[in-house]
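Colleague: please find the sequence and the predicted model below.
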Amino acid sequence: MSDLRTTLVQCDLRWENPQANCEMLEELLGDLGDAETDLIVLPEMFSTGFTMNSREMAEPMAQSSTVAWLRQQAMSRGCVVTGSVAIEDGDNCYNRLIWARPDGSITHYDKRHLFRMAGEHERYGAGDERVIVELKGFRLLLSVCYDLRFPVWMRQQPREGEHFEYDAMLCVANWPAPRRQPWRTLLAARAIENLCYVIGVNRVGEDAKGLAYAGDSMLLDFKGEPLVDPPRDQAFLHTATIERQALEDFRDKFPAWRDADDFEVSL
């Protein structure tokens, strides 16, 4: 069974400056490539910070220089690179998580739950589709920041004949330091209740609005135990491996999924 090498990128962000952020990240990533990792995970809105200036900062999807940069990084490094970007598509703007593959193809997920306390719901459109991607035999559910608070949206919904819909959950964020305990707790809860790995990547530093971010990027196993849990408030790049066999063994040993309740999500 395959394992998945995953690189968490926790960093400070230059406010509303896509070029500076892409240059900073390219330098931080260095020559990291397919010999070291299968997946590079960047924070939410990594090119701008958590901006509500959507009409000024959102890039048209077809002409987005940031999406092009993600695609180029994935192709040159030989691994998937992912992070969310403020995107204009049609008549709306979206907080869009881009999943860029080394073959040049992309998949995207639009953030479903918009953070009303910052007015995000007034400046961006909400997504209406859960997105699961595959990499090296792992299925990963994509999510963005505030989605983490809504367990029904993120709950395993296996198809008939299957026990699990996905094997890992990915959440990129700009989650402020005053609410760091909910972030850490919710990451663990989502791992435990869904019997899956959870990859959570947050930023550090302070944005133009004076909000501080503690980071707390984590990779947790299916019991909610951290496999990667670095010191807070520091930029870092860390690669760890999630193991398919360990996941399968635990699911067999502790089959809580057999007692799960059936439900449907209505949009």
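Modeller: Here it is on my side, so go on. Numbers count the residues shown, from 1 in each chain.
Colleague: drop to CA atoms for contacts and neighbour counts, all remaining ones
Modeller: Fine.
Colleague: neighbouring strands for the least confident helix or strand in the chain by mean pLDDT, and are they parallel or not?
Modeller: With mean pLDDT, DSSP states H and E as the measure, the helix or strand of the chain carrying the lowest mean pLDDT is strand 226-228 (a mean of 93). For strand 226-228, the paired strands and their directions (DSSP bridges) read strand 218-220 (antiparallel).
Colleague: what does the strand it pairs with rub up against?
Modeller: Identification of contacts with strand 218-220 by Cα atoms under 8 Å, 6 or more residues apart in numbering yields 8, 187-188, 191, 197-201, 226-230.
Colleague: can you redo the residues you listed as JSON lines with distance to residue 68?
Modeller: Formatted as JSON lines, those follow (distance: Cα to Cα, whole Å):
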{"residue": "8", "distance to residue 68": "21"}
{"residue": "187", "distance to residue 68": "30"}
{"residue": "188", "distance to residue 68": "33"}
{"residue": "191", "distance to residue 68": "32"}
{"residue": "197", "distance to residue 68": "29"}
{"residue": "198", "distance to residue 68": "27"}
{"residue": "199", "distance to residue 68": "24"}
{"residue": "200", "distance to residue 68": "24"}
{"residue": "201", "distance to residue 68": "21"}
{"residue": "226", "distance to residue 68": "33"}
{"residue": "227", "distance to residue 68": "32"}
{"residue": "228", "distance to residue 68": "30"}
{"residue": "229", "distance to residue 68": "31"}
{"residue": "230", "distance to residue 68": "30"}
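Colleague: just the buried ones from those residues?
Modeller: Among the contacts of strand 218-220, those buried by neighbour count (16 or more other Cα atoms under 10 Å) are 8, 187-188, 191, 197-201, 226-228, 230.
Colleague: ok, back up a step: quick check: the farthest pair among the contacts of strand 218-220?
Modeller: With Cα to Cα as the measure, no two of the contacts of strand 218-220 lie farther apart than 191 and 230, at 18.3 Å.
Colleague: now the longest helix anywhere in the chain: mean pLDDT?
Modeller: Criterion DSSP state H: the longest helix present in the chain is helix 180-194. If you average the pLDDT over helix 180-194, you get 98.
Colleague: in that helix, what counts as buried?
Modeller: Buried-residue list, helix 180-194, by 16+ other Cα under 10 Å: 180, 183-184, 186-194.
Colleague: what's the local residue count around the closest residue to residue 54 other than its chain neighbours?
Modeller: Here the nearest residue to residue 54 in space, its sequence neighbours aside, is residue 123; by Cα to Cα, 6 or more residues apart in numbering that works out to 6.1 Å. Number of residues near residue 123 (other Cα atoms under 10 Å) recorded here: 19.
Colleague: again with residue 239
Modeller: Neighbour count of residue 239, defined by other Cα under 10 Å: 16.
Colleague: what helix or strand is it on?
Modeller: Here residue 239, judged by DSSP states H and E, is contained in strand 236-243.
Colleague: could you look up the SS state of residue 126?
Modeller: Assigned with DSSP: H, G, I helix; E, B strand; the rest coil, residue 126 falls in the coil class.
Colleague: and the pLDDT for it?
Modeller: On the pLDDT scale, residue 126 gets 98.
Colleague: turn the buried ones among the contacts of strand 218-220 into TSV, including distance to residue 255.
Modeller: Formatted as TSV, the buried ones among the contacts of strand 218-220 follow (distance: Cα to Cα, whole Å):
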residue	distance to residue 255
8	29
187	21
188	18
191	14
197	16
198	18
199	22
200	25
201	28
226	21
227	22
228	25
230	31
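Colleague: let me know the closest of these to residue 25.
Modeller: Using Cα to Cα, the buried ones among the contacts of strand 218-220 come closest to residue 25 at residue 8, 12.1 Å.
Colleague: returning to that earlier point: what packs against the longest helix of the chain?
Modeller: The contact analysis (3 or more Cα pairs under 8 Å, 6 or more residues apart in numbering; DSSP states H and E) places helix 180-194 against strand 197-201, strand 218-220.
Colleague: repeat that with 10 Å
Modeller: Packed against helix 180-194, as judged by 3 or more Cα pairs under 10 Å, 6 or more residues apart in numbering; DSSP states H and E, are the following elements: helix 151-154, strand 168-172, strand 197-201, strand 218-220, strand 226-228.
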